[in-house]
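> need coordinates for the below:
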Amino acid sequence: MIDAAGIRRSILVLAADAHWRDAPWTTRIAAVIFGAHRVVDHLGCLNRITVWKGVPYLWCIDEKRGLIASAPTTPPPPKPKR
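Numbers count the residues shown, from 1 in each chain. Sure thing, here's the model as predicted:
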């Protein structure tokens with residue numbers, strides 16, 4: 001089951017993305033420069049949301065660095081001798 005906090009984060013990310021796509025470029029720039037920034041952890045991604053004039057804008061989506069670093073890796077093959 002999805003908890004209520006997860007649903008609220010989903011709605012926030014979707015609304016912020018819709019506002020970002022519908023906003024003119026001047027509003028986007030003003031939101032990034034003058035807005036209040038917050039990072040929302042949702043579905044394995046860090047969503048950077050900026051709030052300007054009471055409207056959220058989805059500015060950036062980054063993968064969590066911890067998920068990539070904790071993935072099992074194989075060591076590189078040895079270099080051949082000459």
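> how about stretch 10-23 as CSV, C-alpha atoms only?
What follows is stretch 10-23, C-alpha atoms only, in CSV (Å, rounded to 0.1, in the frame of the first residue of the first chain):
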residue,chain,number,x,y,z
SER,A,10,3.6,12.4,-5.8
ILE,A,11,1.0,15.2,-6.1
LEU,A,12,3.6,17.8,-5.3
VAL,A,13,6.1,16.5,-7.9
LEU,A,14,3.3,16.3,-10.6
ALA,A,15,1.9,19.7,-9.9
ALA,A,16,5.4,21.3,-9.8
ASP,A,17,6.2,19.7,-13.1
ALA,A,18,3.0,20.9,-14.7
HIS,A,19,3.7,24.5,-13.4
TRP,A,20,7.3,24.4,-14.8
ARG,A,21,6.1,23.2,-18.2
ASP,A,22,3.4,25.9,-18.5
ALA,A,23,5.5,28.8,-17.1
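> SS state for the residue nearest the centre of the chain?
Most central in the chain under CA atoms, centre = their mean is Asn47, positioned 2.0 Å from the mean C-alpha point. Three-state call for Asn47 (DSSP: H, G, I helix; E, B strand; the rest coil): strand.
> in this structure it contacts Arg38, no?
No. Using CB atoms under 8 Å as the test, Asn47 is too far from Arg38 to be in contact (9.1 Å). C-beta: built from backbone N, CA, C; applies to glycine.
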